[in-house]
Structure formats: structure tokens, C-alpha cells
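Asks: I'll drop the sequence and a predicted model, then ask my questions.
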Amino acid sequence: MTATTPKSTSIVPNFCEGIQYFGEPLPEFDKYGKKSALNGNAVDPNDDAAVYQTLLYADALRYLTLQVTGSKASGHPGGFASQAEAYAALVMLGHKNIVTEVGHHAPGFYSAMFLDRSLEDMGISTVQQLRDRFREKHGLLGHLSGYIPGILAPAGPLGQGQHFAMAAALLHRDKLFPFTVGDGGLGEPYIMSSMGHFHTAYPDVTNFLPVLVWNGFSQEHHSMVSTKSNAEMIAYWQGNGFEEVILVDAKDFDDKNQPGDYVDSTAFSFAKRIEFTKAVLANVDKAAKSALGGKLTVFIIKQLKGAGVHARGAKSHNLYAKDTLDAPHIISALKERALPAEVWQLVRTNLEKAGGGPASKTAVTEFELPLADIGALPLEEYEVGGEAKVSTTAMGRLVGIVGQKDKNFLVTNADGNEASGIANINQALKINHPVKDDLYNQAPGGQVYEPLSEDACAGLAVGLALMGARTLWCSYESFAINGLPIFQTVTQAMAELRRQTPSTITLYTAGALEQGRNGWTHQRPEIEAYFASMMRNGNVFPVFPPDANSIQVCYDWALTTKNKGIVITASKSPLAIRTTFAQTREGLENGAVVLQETAGSKTVVFAVIGDMTLIPVYEAAKSLQEQGTGSRIVSVINPRRLYRASDVAWDTCSEPDGGFIDDAKFNQLFGGDALIGVTGGASAMLEPIMLRSNCVRDTFAWKRGETTASAGELMAFNGLTADALVKRGMQLVG
């Protein structure tokens, strides 16, 4: 559709190419809009011109959000529109490090990044280009991503945004990190509990600011908090530890007698719109100063979902095929929000200066965080065949050293480090707790973060890594499942980032085999299937060190990597030392390493993932040898290397790793008369081997959980015994 002729006499700025409708001159523009209200990087909230220009920015955001989504008849305008005044106030006050918990706010954030010129870094200089590249490959993703200039963090699944805001606040104490949270997101249990634990652990870190977008609706119906009164909502936040709760309700300014508790401020008279915006600007300023001043603070804006766009309530949430720019209701909404050309120019002038410049040049995530020099780690190599050692404890010693050298380093664990054989981490770094108690290795300011929530553990650890710091998330393999969604969000974002950041590293201990007596409630090996699928992303590397030597080399390697997810899985039981450091380095590079080879008339190859699973395999190899059949035991340390390059999207990653072994090396490792893949977890982790092998082959893997007295009995319940391996091996070789 061709843009209409501007109704003002001003020249249309070049960046406005693609704007379809321009509005009539606005009341009092000559008085409050002829020059920027910014004084340096921010406005004075008491300045009438600042209030006026904040309202203009809010309407510019609404217009662009609707036109951009309408250009593809797809996307989510309603939620962002209901809080446009709050977002506009934050930016006009100089705060551009804004995160969101709501992926559906993406088109609003993109509109903001366009208006402050951040998107010029990806070749988007006009509204037409903004429209063309919305929800397109190599363009503006449907939900937020770190790929977009000026955007601090990804946003997709609900309940994650607070982690990014808290992580950034912890690393940058002098800056404010607001994050928007919607009615729907407030239903996620993690948001309040994670902020509560964080505030207990870090009472002085209050420079993150939840901005609750209380609009009465979620995606397709009224929100579950829509029936709360203002007093109840305030009490809810106070009951969760918030010292300062600031609420601005559009209903208090309504002069159009709109029904219900939630109203649309864009329907007010212009004078009342100014009055509402003035209240938002002043109270956002109060909230920002409170948060930066040491009080746990929340700002709540209460306004009907869809305010100022094509529909109201849940009907404004999503655009469908009928919602095109040619549709009468979209045309009508755009014309209602249309602005004169001189307003667009004023808004652009304000935003390219507010906060010190475009977000793409000022946001903390546009710069690499300086890392402390930790030097070479003092690895301790144990004698092969010597005394059994606990792998996790060997790694824990190194983790303590990293934390002592890097004060930004943080370890998180929901179920307790002592239970995972890594009490030495607590001893070296201390659990961050307001109660000092030497017996439990806890003290204020410790570097071990232990909320009883895997989401909170994973969230802060991966959030800090995304922001540029070293971290380690420790978990029982049994319980990690609740932390995986944000791990996946961050590793996917890391694959797209335009800057380097330390890989997010996890240690999973006490796998299902060690949890026999606890029964199936503590046996969750299926998370390995989660990582098996993520290996194809290109930047996720599950590694399986077979012993206490190997785990040290694996962790040392992980610390050198960038923009990856490194998942280390190991036991907390004392196990035999089977590898040298050199062998693990070979296994990390080639994917696997041969541990033992015995001669015989035929050769059965055992491809083994894990450490405890090696026990029945070694027994099986001995039995086969007694029967004249040879075997080769191969420890699969880094299975991602065993895929073919074409199986993995490695070349799409920002820090590409194209290391895969060739067919000749693969056949040296796994070629034989028969191949048996063995894992105590999900069989999917063996996929790269089974894809490439030309041998007759089979897999032995986890089937289901049960209460048992030992790991051996649990393996037997799942068919992972030496006798079963021997029997199947003999069948395969004929």
C-alpha cells in the first residue's frame, strides 16, 4: 500500500519510508515539541515537555508495533501496547538496559531498537526494511534473541526474564536492569521464588526492576490475576519481600467511563492522556531511584491489554491471516495512532541520545565482560589402575581454584554440593547465606548459590554466562530437568550472539545408577536424550569422562571454550582410574578413545558412554576372551565429534566448531565384527555412532527405573549385565 501524503508541512525523514499514515498536527506541539526535552542523556520527570514527549514516544511504539506485525499478519502487538508508556518512560529517563520475560513483546522491542537506530547495525534503516525483515530468516525473529543489536537477552518461555535481569544487576551494580513481566508470566511459580532467594543471598543487589504489565488478560482469556484488587496485588508483592511497590492504574485517569477494572488510556481526552503519562513518568523515576538506592522495588502499570492497537483484551494478543494492512480494522487502528512527520523526527532525535546513544552502542551486553586471568589449572594426574577416585571431587578441587581467582565466578546447586561429592567447592568458596555457619560452609558473600529450585540454579548460572561471566551449574542428573528450558534458551542464544561469552558449563552427578535405593523418583536419565537432540544445534557438547583423571581435563577444556553449552556427566562414587590425561585430550578431539583391546577370532566393539557402565563391559570383555572372542572397549567422551559434519548445524553458530572425525578414524575406533553401544542413560546419545557404523550392531540402554539396593542391581533390571552383553555379542558375531 502506498503511503499517504503527510498532513503536516514538515519534510518526511528518510527513516519514515514505509510508514503508511501520517497524522494531523497534535495539540500543544508548538509549546512542548519544538525541541528535545532531553537534558543530556535523560529528561526531568517534572518537566511538562518531557511528559508530552514521553507520550509521543509511546504512541510511536504502538504505531510501529501494529504496522510491523500487520505487515506479516503475524506477531503479538497487544501486550507491549498495554505498557508502552512505562517502556517509553524508562528510555526517556535514560534506562536502556531493558530485559523482558515476555517473548511476545518482541515487535515492541524491535520498534524501540529501530527508533534509537540500533537496528542500523543489521542494515535496517527505514520502516519499510523493518517491515520486510520482521519474522524472516536473518531478520527480526518472532521472539527476542541476542542476535538483535541492543537486545540484552532472549525471551521465549515464560518465567525466565528475571534471571537475565538479576544476572546483569549482579555484574553491573551501577546500572538499572528493568524487565517486563506480564499477567501470564506472573502465573509461573519461578518468578517470585527466584527473586526472593536472590534477594536473600544478595540483599544489596536491588538494581533490577520488575515492571508488571497488569492488563487483565493472558494469551486467549482473562488472566488468573485479573480478579485481584489493587490492594491485593500490592500485598502480593509485599508478601514476597518487595519493600517498594508502585502502582499506576489507568482507571484513575479515565474520563470516558470505560467499563471494567482495566481501561485503555488511548481513549482518554488528550489532557487526561498527558495526566496519565505524567503519573507513569514520575513513578517510573521513583521506582528506578528506589531500585538503584537499595530497595527491592516493583513498578506496576495497570492498563487494558491492546491499548491503542487493533483490538482489546486477549483478542489483541495475536495477529492472524485476516489481520493484514489492507484489513479495515487494521487501517482504522493505524490511522488512529498516526503521527505527524515532525513527531517522528522528534522521537528519533530523543531516542538516539537517551541513555547515551543507541542501545546497540550502550547496552552492557554489547561489550565483552573482562574476565579474570585464572592461569593454568593445577591438574593432578592419578595412576591408571591405582586407587579408585571420585570424579566429581577431583573436579571440585579445580572449581574452587577457579572461584578463588575469579570473584565473578558463581557455582549453583539446588540439591547440595556435599551430596554430589563436591563438598570441597563449598569449603573453598562458601555457600552464600545470610547466616554465617562454619559447620555448613556458609557465609554472606559466598560464591555458591543454593536455592531449592533447578530453574533458579540454572537461570542465574546461564544468565551470568550469557552476560559474560564464568559459572558452573551443578545438579543431580535426576533433578536437572526443571532447569533445562533456560539452559536451552541460553545455548541457542549463544549460537547467535555477535560477541564472545564464556560457555555455560554444567556438572551432572549422581545419575540414575547411583540412585537405586531412592527408586524411580530420583532416576531421570532421559535428560541425556534432551542433550542428544541439542547436539545437532552445533554448540552443545555433552561430555562423559570415564574417571577422575578425565573429568579434570574435560573441565579444563570447557573453560577455554566460547558460546557453547558444555554438559559434564560423572559419578560421585569412587571408580577405577582408566585413562591418562593424554587419552582424554584425544577423546575430546576425536570423540572417543580406546581403553582396552583383546585379540580373538572375532572382535566385538563396545562403545560405552559413562563411567559406571564400564564395569559390566570390562567383565563381558573378560568372559568373551575366555571364549576366544576378542573385544575393543571404546570410551565415548565427546559424542558430538562422532557425528558427520552434515548432521550438525555447526557452521551456523557464531563461534563455529567444525571438529568431526573422518570415516577412517571412525572405523579405527568402532570397526569390528559387531558393535554394541552401552549407556546408562538414553539410547539417543549413541545416535552418532549408530548412524555411521556398518557393523551388525545393537544398543544396551536405560529402560525404566526401579528401587534397588545397588547400581549393579539397577543395571541388571535394565539388562545391562556382563552376561547379557556377552550373549548378545556372541549372537552378533555368529
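Replies: That came through fine. Residues are numbered from 1 along each chain as shown.

Asks: Tell me where the stretch 151-300 of the chain has strands.
Replies: 177-182, 208-214, 244-249, 297-302 (DSSP state E, counting those that start in this stretch).

Asks: Listing partners with orientation, what would you give for the third one?
Replies: What it means is strand 244-249. If you go by DSSP bridges, strand 244-249 pairs up with strand 297-302 (parallel).

Asks: The longest one now?
Replies: According to DSSP bridges, the neighbouring strands of strand 208-214, each with its direction, are strand 177-182 (parallel), strand 297-302 (parallel).

Asks: closest to Thr491 out of the ones you listed?
Replies: Thr491 lies closest, by Cβ to Cβ, to one member of the strands paired with strand 208-214: strand 177-182, at 20.5 Å. The way it works is simple: take the backbone N, C-alpha and C, and place the C-beta from them, glycine included.

Asks: quick one: contacts of that closest one?
Replies: Under the contact criterion Cβ atoms under 8 Å, 6 or more residues apart in numbering, strand 177-182 has outside partners 79, 83, 86-87, 90, 95, 97-102, 104-105, 152, 158, 161-162, 164-166, 168-169, 191, 207-213, 215, 218, 288, 299.

Asks: go on, stretch 242-255?
Replies: Contacts of stretch 242-255 (Cβ under 8 Å, 6+ apart): 230, 233-234, 237-238, 258, 261-265, 267-269, 272, 275-276, 279-280, 283, 286-287, 290-291, 295-304, 307.

Asks: ok so, going back, just the ones of the contacts of strand 177-182 in helices?
Replies: If you go by DSSP state H, those have 79, 86-87, 90, 161-162, 164-166, 168-169, 191, 288 in helices.

Asks: Now the two most distant members of those.
Replies: The widest separation within the ones in helices among the contacts of strand 177-182, taken as Cβ to Cβ, falls between Gly79 and Ala169 and amounts to 23.6 Å.

Asks: So which of the two has more stuff around it?
Replies: Using other Cβ atoms under 10 Å, the more surrounded residue of Gly79 and Ala169 is Gly79, with 30 against 25.

Asks: The more buried one reaches His104, doesn't it?
Replies: Yes. Contact criterion Cβ atoms under 8 Å: Gly79 and His104 qualify, at 5.3 Å.

Asks: Mutual contacts of the two, please.
Replies: Shared contacts of Gly79 and His104, defined by Cβ under 8 Å, 6+ apart, comprise 182, 317.

Asks: ok so, going back, weed out the non-buried ones from the contacts of stretch 242-255.
Replies: Among the contacts of stretch 242-255, those classed as buried by 16 or more other Cβ atoms under 10 Å are 233-234, 237, 258, 261-265, 267-268, 272, 275-276, 279-280, 283, 287, 290-291, 296-304, 307.

Asks: What helices and strands are in contact with the longest helix belonging to the chain?
Replies: Secondary structure of the chain read by DSSP H shows that its longest helix is helix 48-72. Where contact means 3 or more Cβ pairs under 8 Å, 6 or more residues apart in numbering; DSSP states H and E, helix 48-72 is packed against helix 29-32, helix 78-81, helix 84-92, helix 106-115, helix 127-132, helix 270-292, helix 328-337, helix 341-351.

Asks: got a markdown table for these, with distance to Asp44 too?
Replies: Listed next are those as a markdown table, based on distance: least, Cβ to Cβ, whole Å:
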| stretch | distance to Asp44 |
| --- | --- |
| helix 29-32 | 13 |
| helix 78-81 | 26 |
| helix 84-92 | 10 |
| helix 106-115 | 21 |
| helix 127-132 | 30 |
| helix 270-292 | 9 |
| helix 328-337 | 27 |
| helix 341-351 | 13 |
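
Asks: Point out the most buried one among those.
Replies: helix 78-81 (a mean of 32; mean count of other Cβ atoms under 10 Å).

Asks: picking that back up, compare the strands paired with strand 208-214 and give me the one nearest Arg704.
Replies: For Arg704, the closest of these is strand 177-182, at 38.6 Å, according to Cβ to Cβ.

Asks: what's near enough to touch Gly306?
Replies: 77-78, 81-82, 215, 264, 312-313, 315-317.

Asks: Now for these: which two are most distant?
Replies: Within the contacts of Gly306, Asp264 and His317 form the most distant pair, 14.9 Å apart (Cβ to Cβ).

Asks: And Thr277, how far from Gly719?
Replies: 68 Å (Cβ to Cβ, to the nearest Å).

Asks: Now Ile633: phi and psi?
Replies: The phi/psi pair for Ile633 (degrees, to the nearest 10) reads phi -100, psi 120.

Asks: So that it lines up with my notes, have the first residue be 59 from now on.
Replies: I'll keep to 59 as the first residue from here, and by that count the last item is Ile691.

Asks: Hmm, it is touching Ala679, no?
Replies: Yes. If you go by Cβ under 8 Å, Ile691 and Ala679 touch, sitting 5.9 Å apart.

Asks: Tell me which of the two has more neighbours.
Replies: Ala679 (27 against 23).

Asks: I'm done for today, thanks for sticking with me.
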